[in-house]
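Enquirer: Generate coordinates for the sequence data below:
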Amino acid sequence: MPQTPFQSLNVRRAFTLVEVLVVVVIIAVLISILVPALGGAQNAARGLTSQNMMTGILQASQQFQLDNGGRFPGFYSPAELGSEENGGAAGAFDGSAMGAGMSAMENILLDLSGSSAIVDLSATPFDPRIHAWVGPVEMATEAEGAVAILPDLIGAGDDAYITLSADFLVPQVGGISFGSRKQWGTVAMMSNASGSGAPQMPDVVDSFGQPLLAWVADTAAVPQITTANGQAPTTNFAAYSSGPNVNVTAGAGPALFYWNSNAAFLRAQAVGRADIPVSQSPENGRDGVSLIGAGTMNIINGISQGGAINDYFTTFFGATASVSQASLLNTGANVSPYPTRPIGQFILQSAGRDLTYFSAADPRASQISSTPIPWGNANGRPGIQFGNLFSAVNTDEDPLTISDIFDDILITD
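Expert: Prediction:
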C-alpha cells in the first residue's frame, strides 16, 4: 500500500555518528568536572568528621584532667612511652632496634575507656581468648609491667570518658615480617599478628582509615623549653627517646616530646587502610613518605647525630615566639623567630586526605626548608624555618602557616 504524505511525517531519523560522538564527548566532559568535585566534597566531609571526632577526644581528655588533678590521660607516663624499650634505640631505625611498639593513642585510650576495660588479674586469670596484653614493655606480661585488657570494652565501658563509633576503633593488623606490619613492635607482633585470632588492642583511626598520632608533653621532666644562646632553636623540645642517658646530640631525652611514643606507626611500612609506607626514605621518592617517619629521621640522624629532631619538631609543633633579637635564628637567607613553647601540650594529629603524616610529597613541603629534601647543610643541620610562620624560600610568596603547607589535622589543648 503506498504511503500517504501524512504517514511519511511519522518516520524517525536515526542519530548520525557525529551526533553520537558529540553526546559522548559532552558526557565525558561532565564526568571529568563532576567526579573530582564529588571526590573533593567527600574528602572535605571526611576531614570534618575526623576533626569533630578528635575534638571529642580532646574534650574527654580535658574532663579527665579535671577529675585527676590536671594529669593528662595515659595509663603510662610520656617517658615510658618514649623509652627505648617501647620505641627502640635512639637513632636506630632497623628491625634489630625493635621495641614494644605501643602507640600514644593506645595509652590514652586505656585511661579514657574507664576501669572496666582493664582486667583485675587478682580476681580473673588471664584468658588469651578474650584478653590482650598491652604496654610499653617488650615482654608482655604482668611481671614486666604490661596490663591485661578486654578489647571489647575499649571506648565502650560504663565509666568511659568517651564512647567512639566502631568505625573509629580499628586494630592495626599486619603480617609478621618487619616490612609488612601496620603497627611496628614486638607487642604489636604478638597481639596484632595477622591471622592469629588473638584479641587485639584497637587504635583510633580517622575517617580516612589512618591511625591518629598523639603527642603528650613530658612536663614532669621538662617544665619549660630552654634555648642555647641563639645557636639552636631549642635544646629540649623533642628527642627520639626519653633516655636512659641525657644526650641531646644523640637524640635522647629528657625532652618535651618523644618520637618513640609514636614509633609504632612511624617505623611501620604499611600504615592504615591504604598501607601507606610512611617509614620510607625521601631519597627513594616522596609518595607516602612522612617527614617525621623513620626514613626521614634516619637521614637527619646521620646529618647531625640526632640533634636535628629539635629543629623538626619545633617546625611542626612549635608556637610562634615573640620576635626579638634574642629569639632570632639566622638560617642564611632568612631570619625566623623560633618558638619557645609548643602549640599545645596535648596534640592529636590526623594525616589528613593525603594519608601521610606531614607528607614529603606535598607540593609546598619544601617551604619549611632552605635546603632540598633530604636536608642538610655544611653546618650539619637542616636549614628549616621555625614557628608558625615560614618564609617563602626562594619565592615571592607570602609567609605560610603549617596548615597551608600540609593537610594534616592538628587538634590541641
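Enquirer: What segments of the protein are helices?
Expert: When assigned using DSSP state H, the helices of the chain occupy the ranges 5-8, 17-67, 78-81, 84-87, 104-112, 186-191, 263-266, 294-304, 308-317, 402-405.
Enquirer: Which stretch among these is buried most, on average?
Expert: Most buried of the helices of the chain, by mean neighbour count (mean count of other Cβ atoms under 10 Å): helix 263-266, with a mean of 30. No exception for glycine: its C-beta is placed from N, CA and C like everyone else's.
Enquirer: In terms of secondary structure, what does that one contact?
Expert: helix 84-87, helix 294-304 (3 or more Cβ pairs under 8 Å, 6 or more residues apart in numbering; DSSP states H and E).
Enquirer: what's the least confident stretch among the ones you listed?
Expert: Among the helices and strands packed on helix 263-266, helix 294-304 has the lowest mean pLDDT, at a mean of 66.
Enquirer: which residues does residue 113 contact?
Expert: Under the criterion of Cβ atoms under 8 Å, 6 or more residues apart in numbering, the neighbours of residue 113 are 153-157, 160-161.
Enquirer: Quickly name whichever of the residues you listed is closest to residue 29.
Expert: Taking Cβ to Cβ as the measure, residue 29 sits nearest to residue 155 out of these, at 46.4 Å.
Enquirer: Could you tell me how many residues sit around that closest one?
Expert: Number of residues near residue 155 (other Cβ atoms under 10 Å) recorded here: 24.
Enquirer: quick one, phi/psi of it?
Expert: phi 70, psi 10 (degrees, to the nearest 10).
Enquirer: didn't it look like it was pressed against residue 112?
Expert: Yes - using Cβ atoms under 8 Å, residue 155 is in contact with residue 112, at 7.4 Å.
Enquirer: shared neighbours, the two?
Expert: residue 162.
Enquirer: pretty sure residue 201 is touching residue 171, no?
Expert: Yes - the criterion here is Cβ under 8 Å, and residue 201 meets it with residue 171 at 6.6 Å.
Enquirer: Who has more neighbours out of those two?
Expert: Between residue 201 and residue 171, counted using other Cβ under 10 Å, the more crowded position is residue 201 (25 against 20).
Enquirer: That one - nearest residue in space that isn't next to it in sequence?
Expert: residue 134 (4.8 Å; Cβ to Cβ, 6 or more residues apart in numbering).
Enquirer: Strands along the protein, start to end?
Expert: When assigned using DSSP state E, the strands of the chain occupy the ranges 132-134, 147-149, 169-170, 203-204, 213-216, 238-239, 257-258, 328-330, 335-337, 346-350, 389-390, 400-401, 409-412.
Enquirer: and residue 102, which of those is closest to it?
Expert: Across the strands of the chain, residue 102 has its closest neighbour in strand 132-134 (6.1 Å, Cβ to Cβ).
Enquirer: Within its sheet, name the partner strands of the closest one and how each one runs.
Expert: Strands adjacent to strand 132-134 in the sheet, as given by DSSP bridges, are strand 147-149 (antiparallel).
Enquirer: Give me the contacts around the partner strand.
Expert: By Cβ under 8 Å, 6+ apart, the list of residues contacting strand 147-149 reads 75, 110, 117-119, 121, 126, 131-135, 142, 201.
Enquirer: Least reliable of the strands of the chain by average pLDDT, please.
Expert: strand 328-330 (a mean of 42).
Enquirer: can you pull the contacts of residue 277?
Expert: When contacts are counted by Cβ under 8 Å, 6+ apart, residue 277 touches 269-271, 288-289.
Enquirer: Tell me the confidence at it?
Expert: For residue 277, the pLDDT comes out at 82.
Enquirer: who touches residue 413 in this structure?
Expert: Taking Cβ under 8 Å, 6+ apart, we find residue 413 in contact with 58, 61-62, 344-347.
Enquirer: what ranges of the stretch 101-250 of the chain fall below the confidence cut-off?
Expert: When residues are selected by pLDDT under 70, those of the stretch 101-250 of the chain lie in 139-141, 143, 173-181, 186-197, 224, 226-235, 244-250.
Enquirer: For residue 350, give its distance to residue 262.
Expert: 13 Å (Cβ to Cβ, to the nearest Å).
Enquirer: actually residue 111, not the one I wrote
Expert: Applying Cβ to Cβ to residue 111 and residue 262 gives a distance of 17 Å.
Enquirer: I'd like the helices of the chain as JSON lines, with distance to residue 221 appended.
Expert: Below are those laid out as JSON lines (distance: least, Cβ to Cβ, whole Å):
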{"stretch": "helix 5-8", "distance to residue 221": "95"}
{"stretch": "helix 17-67", "distance to residue 221": "18"}
{"stretch": "helix 78-81", "distance to residue 221": "6"}
{"stretch": "helix 84-87", "distance to residue 221": "15"}
{"stretch": "helix 104-112", "distance to residue 221": "16"}
{"stretch": "helix 186-191", "distance to residue 221": "24"}
{"stretch": "helix 263-266", "distance to residue 221": "18"}
{"stretch": "helix 294-304", "distance to residue 221": "21"}
{"stretch": "helix 308-317", "distance to residue 221": "15"}
{"stretch": "helix 402-405", "distance to residue 221": "25"}
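Enquirer: Identify whichever of those lies nearest to residue 207.
Expert: helix 17-67 (3.8 Å).
Enquirer: thought residue 151 was touching residue 170?
Expert: No - contact criterion Cβ under 8 Å: residue 151 and residue 170 do not qualify, at 11.4 Å.
Enquirer: Who has more neighbours out of these two?
Expert: Taking other Cβ under 10 Å, residue 151 and residue 170 do not tie; residue 151 has more neighbours (21 against 18).
Enquirer: Report the spatially closest residue to the more buried one, excluding sequence-adjacent ones.
Expert: Here the residue nearest residue 151, using Cβ to Cβ, 6+ apart, is residue 199, at 4.8 Å.
Enquirer: Go ahead and confirm that neighbour touches residue 154.
Expert: No - when contacts are counted by Cβ under 8 Å, residue 199 is not listed as touching residue 154 (10.2 Å).
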